[in-house]
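1. 3D, please:
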Amino acid sequence: MERQEVINCIQMQRADHAFLDYKKRIKSLKKLYDNILLMKDEIFAALKADLNKSEIESYTTEIGMVLCEITFMIKHIKKFSRPQKVKSALFQFPAKSQILPCPYGCVLVMSPWNYPFMLSIEPMVDAIAAGNSVVLKPSRYSRNTSLAIEKLVEKTFEKNEVIVVSGGREENAFLLEQDYDYIFYTGSTAVGKIVMQKASEKFTPITLEMGGKSPCIVDDTANIPLAARRIVFGKYLNSGQTCVAPDFIYCDKSIKEQLVEELKKQITLQYTQDPISNDNYPKIINQKHFDKVKNYIDKDRVLFGGKVDDEKLKIQPTLLDSTFDDPEMNQEMFGPVLPIVTFDNLDEAIAKVNSMSTPLALYFFSQSKANQDKLKTFCRFGGGCINDTIMHIASSTLPFGGLKQSGMGQYHGKIGFDTFTHYKSVLDKKTWFDMPVRYQPYTDKHYKLIKKFMK
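-> Okay, the predicted model is just below:
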C-alpha cells in the first residue's frame with residue numbers, strides 16, 4: 001500500500017467511525033472467526049515457514065487463543081457497550097448521570113515476530129470489540145505470517161475498518177508520524193521508548209507490552225519434579241522466544257542439584273534426545289537473533305545442552321550455571337538458554353528481584369502458603385503464576401500487561417475492551433427546576449445549604 005493511500009485510510013477511519021454500532025462489531029468478528037478457520041492451513045504453513053512451529057503449537061499458542069478472545073468478545077460486546085447509569089449527587093438535583101463507553105477512534109496496533117499471528121490479531125479484536133478501526137503493522141521478520149494476516153484482513157474488512165501496513169523500520173517511522181486516537185505496541189523496550197516519545201508529541205494514549213528478565217523462583221518446599229516439568233514447558237515453548245518465558249531460574253541453593261537433574265529429564269522427555277532434529281521444535285527467527293543467543297552459551301558453564309545448528313537456526317534447550325555478574329543476566333534472553341542462579345533465603349531473593357527492572361512475569365514454585373503470600377505481596381511484576389509458568393496469559397478473565405520497564409496498560413477480555421474505550425461522563429441536567437444556591441450573590445443561607453448537601 002502506497003504511503004499516501006495509508007494516510008488517506010487513516011483519515012477515513014478517523015472520520016467514518018465504522019464500528020460505532022455494536023451489532024456491526026459482532027457481525028465483523030463472526031466473519032473474522034470464520035475466515036480464520038477457512039485460512040487456518042495457510043496460517044499454519046506461514047508459522048511453520050517463519051518459526052518452524054508445529055501445527056499443534058501454532059493452534060494452541062496462536063490461532064486457538066485468538067478464537068477464544070473473539071468468542072469472548074462476541075458474547076459480551078452488547079453488555080460492555082451499554083451506557084452505565086450511576087447515581088447523581090444530591091446537590092445535582094434534578095439530574096441523571098451516565099458513563100458512556102465510546103471508542104477512541106483509529107488505533108495503531110504494532111506487533112512483534114515471536115507470536116506473529118496471536119499478538120497481531122488479539123489486540124485488533126479487542127480494539128474492534130470496543131468500536132475502533134485499526135491500522136495493523138505486523139513484523140517484517142515474520143514475513144510469511146504477515147502476508148497471511150494481510151490476506152485475512154482484506155477478506156474480512158473494508159479499508160475504513162482495518163488495514164495492514166507491511167514493512168520494516170522505515171514503515172514504522174512513517175506510521176508513527178501519523179495521527180491516531182490510540183497506539184497499542186508489543187515488542188522490545190528500545191522500540192517502546194520511541195513509540196512512547198512519538199505518542200507524547202501528539203498526546204496520544206498508549207499501551208506498551210514489552211518484556212524483561214522474568215524470574216522463576218523455586219523455594220525448598222517446591223514439588224521439584226512437577227516444577228521442572230512446567231518450567232521446561234514454559235521456557236522452551238517457541239524455542240524460548242516468548243516475552244513471558246522464565247528468563248532465569250532463581251532457586252534455593254539446597255535444591256539446585258535435584259532441580260537440575262529433573263530439568264534434564266524433562267527436556268529429554270518433552271523434546272527427545274536430539275531436539276535440533278525434532279521437527280516440532282521451533283527455530284530462531286533469523287541469523288541476527290540466532291547469533292545473539294548463541295553467544296550467551298559459555299561452554300564452561302553449560303549444565304545441559306548447548307548444541308547449535310547454524311544452518312537450521314536451532315539451539316538445543318540449554319541449562320547454564322550462572323551468577324548475576326554473568327553477561328546473560330544483563331538483558332532478556334529470548335531464546336532456549338536458561339540460566340540458573342541460587343539464593344540462601346527467600347527474603348534475599350525478593351530483595352534481589354525488586355532491585356532489578358520490573359519484569360513482565362514472575363513465577364514461584366512453592367508449597368508454602370506463607371511464602372506464596374509473601375512473594376505476591378512484596379514482589380513487583382506484571383503478572384504471573386504460582387506453581388506454573390506462562391498459563392496466566394491464556395485466560396480472557398485475567399488482564400495481561402507489564403509494569404514500568406516491562407510495559408504499561410493491560411488487555412485480554414473485559415480489560416481489553418476497557419483499554420480501547422474512552423468512558424465518557426455525561427450529566428443530564430433537567431430544566432424544570434434550577435437550584436439557586438450555586439449562583440452569586442452568595443448569602444449565609446446559601447452557604448449553610450451548600451455545607452448541608454456537600455459533606
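2. Next, the buried residues of stretch 158-166.
-> For stretch 158-166, burial by neighbour count (16 or more other C-beta atoms under 10 Å) applies to 159, 160, 161, 162, 163, 164, 165, 166. Glycine gets a C-beta too; all of them are placed from N, C-alpha and C.
3. what's in contact with that stretch?
-> Contact with stretch 158-166 is made by 1, 6, 9, 12-13, 16, 18-19, 28, 124, 128, 133-138, 140, 146-147, 149-150, 153-154, 156-157, 171, 175, as judged by C-beta atoms under 8 Å, 6 or more residues apart in numbering.
4. again, only using 7 Å
-> Applying C-beta atoms under 7 Å, 6 or more residues apart in numbering, the contact partners of stretch 158-166 are 1, 6, 9, 12-13, 16, 18-19, 124, 133-138, 146, 149-150, 153, 171, 175.
5. does the closest residue to residue 388 other than its chain neighbours count as helix, strand or coil?
-> The spatially closest residue to residue 388, leaving aside those adjacent along the chain, is residue 230, at 5.3 Å (C-beta to C-beta, 6 or more residues apart in numbering). Residue 230 carries the three-state label helix when classified by DSSP: H, G, I helix; E, B strand; the rest coil.
6. hang on, residue 230 packs against residue 389?
-> Yes: using C-beta atoms under 7 Å, residue 230 is in contact with residue 389, at 5.4 Å.
7. what's the nearest residue to residue 430 if we skip its chain neighbours?
-> Among residues not flanking residue 430 along the chain, residue 94 sits closest, at 4.1 Å (C-beta to C-beta, 6+ apart).
8. Then residue 223?
-> Counting by C-beta to C-beta, 6+ apart, the residue nearest residue 223 is residue 367, at 6.4 Å.
9. State the number of residues packed around the one you found.
-> A count of nearby residues for residue 367, using other C-beta atoms under 10 Å, gives 14.
10. Point me to the helix or strand that includes it.
-> Counting by DSSP states H and E, no helix or strand carries residue 367.
11. measure it to residue 373 for me?
-> Computed with C-beta to C-beta, to the nearest Å, the distance linking residue 367 and residue 373 is 13 Å.
12. With residue 83 as the reference, measure out to the residue nearest to residue 430.
-> Taken as C-beta to C-beta, the span from residue 94 to residue 83 is 19 Å.
13. One more: residue 254?
-> Distance from residue 254 to residue 83, counting by C-beta to C-beta: 58 Å.
14. now swap in residue 322 and tell me
-> 55 Å.
15. Then residue 292?
-> Taking C-beta to C-beta as the measure, residue 292 falls 51 Å from residue 83.
16. Likewise for residue 56?
-> 43 Å.
17. still on that earlier bit, which one's more surrounded, residue 322 and residue 83?
-> Legend: neighbour count by other C-beta under 10 Å for residue 322 and residue 83, higher for residue 322 (22 against 12).
18. thinking again about what came up before, could the buried residues of stretch 158-166 be laid out in a markdown table, adding secondary structure, pLDDT and distance to residue 302?
-> Shown next, in a markdown table, are those (DSSP: H, G, I helix; E, B strand; the rest coil; pLDDT from 0 to 100; distance: C-beta to C-beta, whole Å):
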| residue | secondary structure | pLDDT | distance to residue 302 |
| --- | --- | --- | --- |
| 159 | coil | 95 | 52 |
| 160 | coil | 95 | 55 |
| 161 | coil | 96 | 51 |
| 162 | strand | 97 | 46 |
| 163 | strand | 97 | 47 |
| 164 | strand | 97 | 42 |
| 165 | coil | 97 | 42 |
| 166 | coil | 93 | 39 |
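19. Tell me the one among those nearest to residue 41.
-> residue 164 (19.9 Å; C-beta to C-beta).
20. Quick one: neighbours of the closest residue to that closest one other than its chain neighbours, just the number.
-> With C-beta to C-beta, 6+ apart as the criterion, residue 164 has its nearest non-adjacent residue at 4.3 Å, and that residue is residue 150. Burial of residue 150 is recorded as 17 neighbouring residues (other C-beta under 10 Å).
21. just how off-centre is the least confident helix or strand in the chain by mean pLDDT within its chain?
-> Least confident helix or strand of the chain, by mean pLDDT, DSSP states H and E, is helix 444-453 with a mean of 85. Between the centre of helix 444-453 and the centre of its host chain there is 51 Å, according to C-alpha atoms, centre = their mean, to the nearest Å.
22. What of stretch 55-62?
-> Counting by C-alpha atoms, centre = their mean, stretch 55-62 is centred 17 Å from the centre of its parent chain.
23. Tell me which residues of it come out buried.
-> Those would be 55, 57, 58, 59, 61, 62, for stretch 55-62 by 16+ other C-beta under 10 Å.
24. and if you look at stretch 200-210?
-> Residues 204, 205, 206, 207, 208, 209, 210 are the ones in stretch 200-210 that count as buried (16+ other C-beta under 10 Å).
25. what sits against the last one?
-> Right, residue 210. Residue 210 touches 187, 188, 189, 192, 360, 402, 406, 407, counting by C-beta under 7 Å, 6+ apart.
26. could you redo the last one with a cut-off of 10 Å?
-> 112, 185-193, 195, 243, 332, 360, 382, 401-402, 404-408 (C-beta atoms under 10 Å, 6 or more residues apart in numbering).
27. same thing with residue 249?
-> So residue 249 contacts 215-218, 227-228, 231, 235, 256, 259-260, 263, 319-320, 322, 338-342, 363, 365 (C-beta under 10 Å, 6+ apart).
28. Output the host helix or strand of it in CSV, but only the C-alpha positions, please.
-> Residue 249 belongs to strand 248-252 when assigned by DSSP H and E. Taking C-alpha atoms only, strand 248-252 is exported to CSV below (Å, rounded to 0.1, in the frame of the first residue of the first chain):
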residue,chain,number,x,y,z
PHE,A,248,16.2,-17.4,34.6
ILE,A,249,15.7,-19.8,37.5
TYR,A,250,16.4,-18.4,40.9
CYS,A,251,16.3,-21.3,43.3
ASP,A,252,17.2,-22.1,46.9
